[in-house]
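[1] Structure for the following, please:
(one chain, ligands or ions: 1)
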Amino acid sequence: MSYSRRGFLTAVGATGGAGALFATMGALGLAPTAEAAARTAFVPPQPSDFTLTGRGAKKVVVLGAGVAGLATAYELGKAGYDCTVLEALDRVGGRNWTIRGGDRLTELDGSTQVARFSDGVYLNAGPARLAQWMVTMDYARELGVALEVFTNANAQAYIFHEAAGMTAPVRWRTAKADVYGYVAELLSTATDAGALDARLTAQDKERLIAFLRGFGSIGNRAQGFAYTGGERRGYHVDPGAGEQPGVELEDVPTLSEVFASGVGQRFSFEFGYDQAMLMFQPVGGMDAIPRAFADAIGGHRIRLRSKVTRITDLRDGVEVEYQDKNGRGQRIRADFCVATMPPHILARTPHNLGPDVQAALATPTVNSAGKIGLEYRRRWWETDENIYGGITNTDLDLASMWYPSYGYGGRRGLVVGYYNFGAQADAYAALSHRDRERRAVEQGMKIHGPKYRDELAASVSIAWKLQPHIEGAWVGWPSRTGAYQLLNRPAGHVHFAGDWLSYMIAWQSGALESARKTVTDLHQRVLSS
Ligand code: PHE
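    From the prediction side, this is the model:
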């Protein structure tokens, strides 16, 4: 009997749900750790699912070849579903877009940039970092996409708060040494003076102080637990051979200066579940992920430059009208549709899914984000400043500046001159590319000096709100009830998927998890109809 273990589990999962599935897996000795279970709960559709049911794989039209659409077609394709993907752009990936030399970037008003980057230099215009717990890592493994570390936090990068009166950037290591040092000094002093006696036993106090002495690198009780700087801040002259012990950075700021600078407010970023090191990136550019998906799906199933013009739910299926690459109107019939376009674009697409769906699609707010990629003739951040990857954070309108986590020690390289959101992104979006570059360089010179202008070789800037057929960086929901829940269910034969239907908006993992959910819903529907 051709009843595989996997097929059996799928059947258990489809009829009994995830709980039954895991109980069965446990009985078979397959249950993974709880942590891994959450991710492996997804069982892809497979041909054998149909063998005993007398049902067959259906025809599905997928709208959008972004990460959600590609994952949908890929997973359904495993079971033999006949998928066709319609994509308005002339490439797959959606917001997952890696820009290399020769690529063109056109904005809504028709203005076009051509990237003049040299070989091996690229800008991940959209997603650029993966957390280890994200399902994106599993797809990279499955699809054979090679990964490397993406440095999200680097002690050697800078913090610069102009509004706080800083005249020069401070290294993250120095900022941490000073903030941790003074916090430790204050807390040790207060603890030792009995200020926390209502909360702490004598032993708690001793242990807390022992922790703080190491955490802040502070003096002992006799020294008043004083923070007086030290090697953690960094060196003016690095330690060397023979008689060169190094010269530590001079001028330790006062406690009040340190808190006035606001640098400590930056530290929580790297504590985030989604942002903590280690993080990863595909070798050679983030678009390795959509390219691998497209290869696995088969190019003949993906119609590029095909813009959806109408979605019509029918009694027994769905019809999608689109304009093909020659500008001709076409229509495609299918049993089901999975719409993965951004909700605000879907809301503008004629359909017969009813006023509630229409209102739901129009509910999320659209957010802006922008980046500029600056290629330099030499890797001065490495040679002159010893920065190998990581991010500088500022209160300038450039927000953050990223150094490349690839190509170390090479000749040229690309710095992300700004990666900003909201009003800062809108301010840059309103400018021509030349003016964006000028402004980014002028701001960045406050951190890196004249070489930031003089060594510049080429640049490309993206304003996600101005990208045709995308028109936004990501969306936000006023709540996860109502509209969000409605669109997480099918409307007739139309299902939806995308990061916008997940709790991981603005992450590929959100798109992937949403695609998995929708694939599961659709497949169960087919198996039980
Ligand atoms: N995933 C995007 C990024 O890493 C957007 C994002 C930023 C999401 C910060 C959550 C937190 O930049």
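[2] Extract the C-alpha trace of the helix or strand where Val415 lies and format it as CSV.
    Here Val415 sits within strand 413-421, counting by DSSP states H and E. The C-alpha trace of strand 413-421 is given here as CSV (Å, rounded to 0.1, in the frame of the first residue of the first chain):
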residue,chain,number,x,y,z
GLY,A,413,32.1,48.0,-1.3
LEU,A,414,28.6,49.4,-0.7
VAL,A,415,27.4,51.2,2.3
VAL,A,416,23.7,51.7,2.9
GLY,A,417,23.8,55.5,3.4
TYR,A,418,20.3,55.6,4.9
TYR,A,419,17.7,53.1,6.0
ASN,A,420,14.9,55.1,7.4
PHE,A,421,11.1,54.8,8.0
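[3] Which strands border that strand, and is each parallel or antiparallel?
    Strand 413-421 pairs in its sheet with strand 369-376 (antiparallel), strand 400-403 (antiparallel), by DSSP bridges.
[4] For the stretch 201-350 of the chain, what lies in contact range of the ligand?
    Asp274 (C-beta under 6 Å from any ligand atom). No exception for glycine: its C-beta is placed from N, CA and C like everyone else's.
[5] Tell me how many other residues surround Gln275.
    Other residues near Gln275 come to 14 when the count uses other C-beta atoms under 10 Å.
[6] My impression was that it belongs to a strand - is that right?
    No: applying DSSP: H, G, I helix; E, B strand; the rest coil, one finds Gln275 to be coil, outside a strand.
[7] which residues does it contact?
    Arg129, Ala131, Asn152, Phe269 (C-beta atoms under 8 Å, 6 or more residues apart in numbering).
[8] repeat for Thr518
    Thr72, Val338, His495, Phe496, Ala497, Leu501.
[9] Make a markdown table out of these and add secondary structure, pLDDT and neighbour count.
    Below are those laid out as a markdown table (DSSP: H, G, I helix; E, B strand; the rest coil; pLDDT from 0 to 100; neighbours: other C-beta atoms under 10 Å):
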| residue | secondary structure | pLDDT | neighbour count |
| --- | --- | --- | --- |
| Thr72 | helix | 99 | 34 |
| Val338 | strand | 99 | 30 |
| His495 | strand | 99 | 26 |
| Phe496 | strand | 99 | 27 |
| Ala497 | coil | 99 | 32 |
| Leu501 | helix | 98 | 27 |
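[10] out of those, which one sits closest to the ligand?
    Leu501 (16.0 Å; C-beta to the nearest ligand atom).
[11] So the residue lying closest to the closest one once chain neighbours are set aside, which state does it fall into?
    Sequence neighbours aside, Ser514 is the residue nearest to Leu501 in space, at 4.6 Å (criterion: C-beta to C-beta, 6 or more residues apart in numbering). Put simply, Ser514 is helix when judged by three-state DSSP.
[12] repeat for the one 10 residues further on
    Of the three states, Gln524 takes helix under three-state DSSP.
[13] burial count for it?
    Gln524, neighbours per other C-beta under 10 Å, totals 17.
[14] ok, Gly373 - contacts?
    99, 115, 117, 122-123, 125, 414-417, 459-461.
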